[in-house]
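Student: got a predicted structure plus its sequence, pasted below:
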Amino acid sequence: MDAMVENKALPVLRSAIWRLLTPLVKILLRHGVPYQVFADEAKKVFLDVADAEFALSGRKQSSARVAIITGMSRKEISRMRKKDLDDEQATRDSHNRSARVISAWVGNPEFQAAPGKPMDLPIDGASPSFTDLVRKHSGDMLVRAMLDELVRVGAVEVVDRHVRLINRAYIPANSEVEKLRILGTDVAALIDTINHNLQSRDAPLFQRKVYYDNLPEDALQELRALSRQHGQQLIELMDRLMQAYDRDVNPQIQGEGRCMAGIGVYYFEKTSSMERSQ
């Protein structure tokens with residue numbers, strides 16, 4: 001029965017693969033990443049997922065079983081397991097720390113001139129100051145390094161020894177490398193949500209979209225602006241709610257476990273001629 005379900009799903013999955021990979025391959029080719037590099041990374045992912053998610057209960061995952069699941073040879077699997085895989089934890093931490101600083105600045109009344117209005121913070125001194133903000137909400141990041149990073153990405157400006165927030169979100173607008181790192185986190189989060197909803201019918205995660213395919217170009221500018229305005233409002237609301245439960249911000253919060261949760265909003269558009277016929 002499972003094999004029959006898999007066979008019926010295969011054409012749909014092949015179409016989904018095409019749709020997923022088309023924008024990704026555009027990015028890879030634009031940055032000079034050849035097919036073989038992509039194929040090597042894909043093999044690593046197949047191996048990692050097979051090891052982590054498809055082991056038999058109570059038994060160590062063998063190369064033979066991984067070979068059956070993935071279609072790779074046992075020799076190739078053994079070779080790959082000996083290689084060190086890249087670790088991007090440091091870059092993820094850097095991004096998260098910068099985002100936490102801005103989030104606290106926007107959501108914590110201690111650093112606001114009025115509700116919802118972040119104040120201009122003196123660089124040094126007691127709270128409220130930029131130094132105090134960074135020390136409370138960025139872990140062990142150096143204040144100067146955080147300031148340089150936020151200035152670099154266009155999130156803040158320095159005016160008369162005060163730091164002014166000019167972008168209420170950490171968006172690395174001036175760095176294509178930073179945007180590419182976000183590609184690896186935001187898209188993965190969306191696919192994780194879809195994967196959860198495919199497996200769980202009792203407790204699905206929120207996943208919705210709305211689109212129309214016969215809109216005039218003249219309407220797009222208004223739609224972009226409205227999506228940016230209302231999307232930012234939703235993100236800031238959820239940010240305040242999540243911040244209230246985050247132990248890094250409020251160490252007194254009680255409860256079991258350590259979980260991650262978030263919400264993403266995105267707007268998309270393209271001409272109908274770019275859509276592949278099904």
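Tutor: All right, it came through fine.
Student: distance check, Ala219 against Gln233.
Tutor: The gap separating Ala219 from Gln233 is 21 Å, by C-beta to C-beta, to the nearest Å. From N, CA and C alone the C-beta is placed, and that goes for glycine too.
Student: and stretch 239-252, end to end?
Tutor: 18 Å (C-alpha to C-alpha, to the nearest Å).
Student: and stretch 153-166, by the same measure?
Tutor: With C-alpha to C-alpha applied, stretch 153-166 spans 11 Å between its terminal residues.
Student: off-centre distance for it?
Tutor: Relative to the centre of its chain, stretch 153-166 is centred 25 Å away, using C-alpha atoms, centre = their mean, to the nearest Å.
Student: quick one: average pLDDT of that stretch?
Tutor: Averaging pLDDT along stretch 153-166 yields 89.
Student: cool, and stretch 247-260?
Tutor: When pLDDT is averaged along stretch 247-260, the result is 89.
Student: show me what counts as buried in it.
Tutor: In terms of neighbour count (16 or more other C-beta atoms under 10 Å), stretch 247-260 has its buried residues at Val249.
Student: what does stretch 176-193 give?
Tutor: Glu178, Arg181, Thr193.
Student: quick check: phi and psi at the last one.
Tutor: Backbone torsions of Thr193, given as degrees, to the nearest 10, read phi -60, psi -40.
Student: you'd agree Arg224 is up against Tyr267?
Tutor: Yes - shown here, Arg224 and Tyr267 form a contact pair, counting by C-beta atoms under 8 Å, at 6.3 Å.
Student: give the next helix or strand downstream of the helix or strand hosting Leu10.
Tutor: Leu10 belongs to helix 2-30 when elements are defined using DSSP states H and E. Using DSSP H and E, the helix or strand that follows helix 2-30 in sequence is helix 35-53.
Student: what does that next one contact?
Tutor: Helix 35-53 is contacted by residues 25, 28, 61, 65-66, 69-70, 72, 76-77, 80-81, 85 when judged by C-beta atoms under 8 Å, 6 or more residues apart in numbering.
Student: are any of these buried, and which?
Tutor: Among the contacts of helix 35-53, the ones that count as buried by 16+ other C-beta under 10 Å are Gln61, Arg65, Val66, Ile69, Thr70, Met72, Ile77, Met80.
Student: mind checking the SS state of the closest residue to the second one other than its chain neighbours?
Tutor: Of all residues not flanking Arg65 in the chain, Leu56 sits nearest, at 7.4 Å (C-beta to C-beta, 6 or more residues apart in numbering). Three-state assignment for Leu56 (DSSP: H, G, I helix; E, B strand; the rest coil): coil.
Student: can you check Ala113 too?
Tutor: Classification of Ala113 using three-state DSSP returns strand.
Student: show me the contacts for the closest residue to it other than its chain neighbours.
Tutor: Using C-beta to C-beta, 6+ apart and skipping the chain neighbours, the partner closest in space to Ala113 is Met119 (3.9 Å). Taking C-beta under 8 Å, 6+ apart as the criterion, Met119 is in contact with Phe111, Gln112, Ala113, Pro128.
Student: which of those residues ranks first by neighbour count?
Tutor: Phe111 (22 neighbours; other C-beta atoms under 10 Å).
Student: which ones are touching it?
Tutor: Phe111 makes contacts with Ala104, Trp105, Pro118, Met119, Leu121, Pro128, Leu133, as judged by C-beta under 8 Å, 6+ apart.
Student: how deep is the first one tucked in, by neighbour count?
Tutor: If I follow you right, that is Ala104. 22.
Student: that one is in contact with Gln243, isn't it?
Tutor: Yes - here Ala104 reaches Gln243: they are 7.2 Å apart, a contact under C-beta under 8 Å.
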